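# Structure for the following, please:
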Amino acid sequence: MPAIDLNSDLGESFGAWTLGDDVAMLKLVTSANVACGFHAGDPTTLLSTCRSATDLTVRIGAQVGYRDLAGFGRRFIDVAPRDLTADVIYQIGALDGLAQVCGSAVAYVKPHGALYNAIVRHREQARAVVDAIRAFDDTLPVLGLPGSVFLEEAEKAGLRTVAEAFADRAYTPEGTLVPRTTAGSVLHDPAVVAERVRRLALDSTLEAIDGTVLAIAPESVCVHGDTPAAVEMAAAIRKLLDAEGVTVEPFV
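Residues are numbered from 1 along each chain as shown. Just a heads-up that it's a prediction; the model follows:
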């Protein structure tokens, strides 16, 4: 029986500012990419998200990013590799401490936003992130874009690599994500998004923005928690996958 993990970026509220519905999403996903305070999330929010994830037996992943609260981590920063390695270690450690207080632990690492996209090709920063994960815990799997230098460097370093696809993001013909500044880069129709994930799970294919059919075999699929109608999308995905006999389960 085919199986796939469903993940979402959560814990991104900050102080009095609320983003997304974490509790509703945690009832639908199997892995939670929890912010670590650098691109989003404050300690109280992150502790609450970890507690809810633990209660619902959802795996907790450290979503590490650039130190960029104002830009939500979606702006490239030309940070020195040594500093990036230290930043990533710091973020994983902080979230792991909160998760352990809740009776869980960080189970994997996924870069966020601009860092995720940068290390598709930026080998120096990719190595810096890999070095951080190895230094903290070399048994932690990493999520990344298939074909990225990040997954290449992680595999060289002996880390478990997990290929990821995005349910709600448009793809270029080259298999990378269409920039958010481009019209049509984010998908909003729950039925369209659910069918896309069904096709990924059963056929390992995905249609790019120009109609090109891409071969992608992900272990995990992401629905962004800050995307409008994220809960409706995740619910539609679960309903369709259940109907098709696809098991939704954590990859770790």
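# all helices in the stretch 51-200 of the chain, in order from the N-terminus.
Using DSSP state H, counting those that start in this stretch, the helices found in the stretch 51-200 of the chain span residues 81-101, 113-118, 123-136, 149-156, 190-203.
# can you give me the mean pLDDT across the longest one?
Taken as a whole, helix 81-101 has a mean pLDDT of 98.
# again with the shortest one
Helix 113-118 shows a mean pLDDT of 97.
# ranking the helices of the stretch 51-200 of the chain by burial, who's on top?
Mean neighbour count (mean count of other CB atoms under 10 Å) peaks for helix 113-118 among the helices of the stretch 51-200 of the chain, with a mean of 22. The way it works is simple: take the backbone N, C-alpha and C, and place the C-beta from them, glycine included.
# Return the distance of the host helix or strand of Ala236 from the chain's centre.
Following DSSP states H and E, one finds Ala236 within helix 230-243. What separates the centre of helix 230-243 from the centre of its chain is 18 Å, taken as CA atoms, centre = their mean, to the nearest Å.
# after that helix comes which helix or strand?
Using DSSP H and E, the helix or strand that directly follows helix 230-243 along the chain is strand 247-248.
# Contact partners for His112?
Listed by CB atoms under 8 Å, 6 or more residues apart in numbering, the contact partners of His112 are Asp9, Asn33, Ala35, His39, Gln63, Val64, Gly65, Gly73.
# Adding distance to Ala183 as columns, could you present the helices of the stretch 51-200 of the chain in CSV?
Shown next, in CSV, are the helices of the stretch 51-200 of the chain (distance: least, CB to CB, whole Å):
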stretch, distance to Ala183
helix 81-101, 32
helix 113-118, 18
helix 123-136, 28
helix 149-156, 27
helix 190-203, 16
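# which of the residues in the longest strand belonging to the chain are buried?
The strand that spans the most residues within the chain, counting by DSSP state E, is strand 3-10. Residues Ile4, Asp5, Leu6, Asn7, Ser8, Asp9, Leu10 are the ones in strand 3-10 that count as buried (16 or more other CB atoms under 10 Å).
# mind checking how far Ser48 is from Val101?
Per CB to CB, to the nearest Å, Ser48 is found 11 Å from Val101.
# Can you pull the poorly scored residue ranges out of the stretch 101-250 of the chain?
Residues of the stretch 101-250 of the chain meeting the criterion pLDDT under 70: none.
# do that again at 90, thanks
The model of the stretch 101-250 of the chain has pLDDT under 90 over residues 227-228.
# How about Val120: what's its closest non-neighbour residue?
Among residues not flanking Val120 along the chain, Ser148 sits closest, at 4.2 Å (CB to CB, 6 or more residues apart in numbering).
# picking that back up, what's the angle between the helix holding Ala236 and helix 190-203?
40 degrees (axes from the mean of the first three to the mean of the last three CA atoms, to 10 degrees).
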